[in-house]
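>>> pasting a predicted model and its sequence here:
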Amino acid sequence: MSDKFVMDPRVSFVTQILDEIEVGIIKIPRFQRELVWKWEQQRDLLCSIVEGIPIGSILVWSTNLDNITSYDVIGPFRLNYETDNTHVSQQMYLMDGLQRMSTLYALIKHPEHTSDGSDLSNYQVYADLESNSISNMFLRKEEIIKEGNNPDSFHYLPLKVIFDQKNLMRFLRSIPPEKDYLIDKADDISIAFKNYKVPMIPMRSDKQELVTKSFERINTRGTVMSEAHMLNALSYSPEFELLTSIENLNSEYLEEFDNDSIDQTFILQLLKLQLGKSIYDKNTDSLAKEVNEKLLRDIFSGIQLLLRFSMEQYGMSSIKVFPYKLQALGVCHALVKYPDIDQAKLNAWITVTAYTSAFGTTARNSESALNDWLMYLKTNELKWTLNTKPSVSLWKDNVSFRNTRFKLWALAQAHKLDSDKGTNFAKDFHKFKGKILKKPTEIKDKSKKSALYFISKEKNFSLADLNPIDTEAMFLNDSMLDEIKCQQFEEFREQRETAIFNYEVSHIFTPAANILKLTNYKIEN
């Protein structure tokens, strides 16, 4: 065999790679690290796969050497090396991609054979089918229990059944008929993982020192480039260097803001939008031919307007306060193209796409929602091309600041108070969040159901201190107050949930839909 690497890239299903790891066709050499990724990194990987975002290639060393020792476990899970692999002509070892493949093996493959006495709590992960945001979709079992919910309910798809057709079907059958939309969502998630592919690059050599040297470079010298660095290299000229220009424009346009949330990914996505490309387009060569100083300057001018808009609307100059990050992207693109655009249209689009979870399902729907907005900016007509019709549902679940729909619900309370009493809760909301959400002293129910909570800055909040204006502003009436006196908290919740939802529909969503001339929406009470 040649001493030099021979690269023969091929594209493989993740399921196939995990199967080959399990039975020892691909092994993990002892000079590799074990599974060290933190939960946040693992969750980001899961989100990327559901969104269809590339997670990078994996490198595999193919060799005739028979003296390479390897691990027989991934995390707490023993690998099934009893399988006969005599048909494999050469042994293969996983060189780069261990953390990604180990995460998927432990969380989704999740085999039954484990090391004795292993703690599996960190590897029991679920997809919240009611989540309206991909970034908040994946939860560990302990997180679900901590929020007072049951991980065994039909709301939570266990990732370990995704590759197990029998148990997946059993789970899908547990979903009641009136919740059939959850079956579709579970199917979408399952298909996203089953159909996901990654490039696999075999490196063939019988020189172990050459391979370990390559491994050291990969893991300590940053051989794998980010998209921004790759674009910087491909677009470089004596007159233009992308990363230097970004740094200079950042100082010129954004010095007045706390702009930690404006990362390179956001800037690159804006570049793609301005050039009429998909935000998920990975054709860096094509992008490098069109990027220039003027385009970057236009983008930073738009980001400046975006952060001023954010400060005015939300009380903070950050893209993190938008219900979804892609909404900030859409608004910024609009401000680049049309700096004098009516802000009522921007707010209306944010409201409609937030309440309908347009950006909270799949990457395809997110891109469709963004493309619909781009077309609206040109035609002043919003055509809804997502694969689900726009609908708004009543919020009746637990307090959860991870959930976009809950935050909209809480903001509706803040807007009502501001409207009736002249307060400033809506702008303060993102600064204080849970600090201004209180359960009154009269409510002894230990439930975390949202309708039991009120917006207030009072330390010991009591309903007895409310005057008639306060009562109206907080979505209360005599009937609800009587229910509280009688400790009928469930009846109270239902009445208040309906009152808040009716306000959201009549005072927030419908006016926004009217501005956009959107009529084919559904209200689900």
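Received, thanks.

>>> how is the protein divided into domains?
Here the domain parsing of the chain from automatic domain parsing is 10-121+161-220, 227-382, 404-524.

>>> now those domains in a markdown table, with mean pLDDT?
Output for the domains of the chain, formatted as a markdown table (pLDDT from 0 to 100):
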| stretch | mean pLDDT |
| --- | --- |
| domain 10-121+161-220 | 83 |
| domain 227-382 | 90 |
| domain 404-524 | 93 |
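
>>> who wins for proximity to Asp397 among these?
Nearest to Asp397, of all the domains of the chain, is domain 404-524, at 6.5 Å by CB to CB. The C-beta positions use only the backbone N, C-alpha and C, and glycine is treated the same way.

>>> and Phe257, that one's in a helix?
No - the secondary structure assignment for Phe257 gives coil rather than a helix, going by DSSP: H, G, I helix; E, B strand; the rest coil.

>>> would you convert the domains of the chain into JSON lines that also reports distance to Lys389?
Conversion of the domains of the chain to JSON lines gives the following (distance: least, CB to CB, whole Å):
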{"stretch": "domain 10-121+161-220", "distance to Lys389": "11"}
{"stretch": "domain 227-382", "distance to Lys389": "9"}
{"stretch": "domain 404-524", "distance to Lys389": "6"}
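
>>> so for Phe138, which of these sits nearest?
domain 10-121+161-220 (4.9 Å).

>>> looking at the domains of the chain, which is closest to Ser131?
Among the domains of the chain, the nearest to Ser131 by CB to CB is domain 227-382 (7.0 Å).

>>> now do the same end-to-end measure for that closest one.
Using CA to CA, to the nearest Å, the end-to-end distance of domain 227-382 comes to 32 Å.

>>> got it, and stretch 517-525?
Stretch 517-525 has an end-to-end distance of 22 Å (criterion: CA to CA).

>>> what's the closest residue in space to Leu45 that isn't next to it in sequence in contact with, if anything?
On the basis of CB to CB, 6 or more residues apart in numbering, the spatially nearest residue to Leu45 that is not a chain neighbour turns out to be Thr103, at 5.5 Å. Remark: with contacts taken as CB atoms under 8 Å, 6 or more residues apart in numbering, Thr103 is in contact with 35, 37, 41-42, 45-46.

>>> what helix or strand is Thr103 on?
With the criterion set as DSSP states H and E, the secondary-structure element containing Thr103 is helix 98-104.

>>> determine the set of other helices and strands touching the helix or strand just after that helix.
Going down the chain from helix 98-104, the next helix or strand is strand 125-128, by DSSP H and E. With contacts defined as 3 or more CB pairs under 8 Å, 6 or more residues apart in numbering; DSSP states H and E, the packing partners of strand 125-128 are strand 138-140, helix 141-146, strand 156-158.

>>> now the longest one: buried residues?
Same thing as helix 141-146. Buried positions in helix 141-146, judged by neighbour count with 16 or more other CB atoms under 10 Å: 141, 143-144.

>>> for it, what is the distance to the chain centroid?
Going by CA atoms, centre = their mean, to the nearest Å, the spacing between the C-alpha centre of helix 141-146 and its chain's C-alpha centre is 19 Å.

>>> Glu504 reaches Ala412, doesn't it?
Yes - with contact defined as CB atoms under 8 Å, Glu504 counts as touching Ala412 (4.8 Å).

>>> mind listing what Asp128 touches?
By CB under 8 Å, 6+ apart, the residues touching Asp128 are 136-139, 144, 155-156.

>>> kind regards, and thank you for your time.
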